[in-house]
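Engineer: what shape does this take:
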Amino acid sequence: MLINKDEFYKSMDVHKYTISSCAQIMGISREFLTYVLKGERKPGYKFISGIQKAFPGESIDKFLIKF
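Structural biologist: Okay, the predicted model is just below:
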């Protein structure tokens, strides 16, 4: 599973989040968020549940690319 970076960055822009503020709300480190967005790490349960915290009311499916 990978992150749909375009949708993630669009939602960050709408909520006016920086990488640091988004990571803090998600409950993960800024470094880990950066690694996932670069495709160097895969999102796990904590990352996915963090998306729901950072972007409540938005469908989690729009952020995930399943293969």
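
Engineer: mind checking how far residue 28 is from residue 54?
Structural biologist: Separation of residue 28 from residue 54 (CB to CB, to the nearest Å) stands at 10 Å. All C-beta spots, glycine's among them, are computed from the backbone N, C-alpha and C.

Engineer: distance of residue 23 from residue 17?
Structural biologist: From residue 23 to residue 17 the distance is 9 Å (CB to CB).

Engineer: also residue 66?
Structural biologist: 24 Å.

Engineer: ditto for residue 31
Structural biologist: Residue 31 is 16 Å from residue 17, by CB to CB.

Engineer: those two: which is more packed in?
Structural biologist: residue 17 (19 against 11; other CB atoms under 10 Å).

Engineer: ok, that one - contacts?
Structural biologist: Counting by CB atoms under 8 Å, 6 or more residues apart in numbering, residue 17 makes contact with 25, 54.
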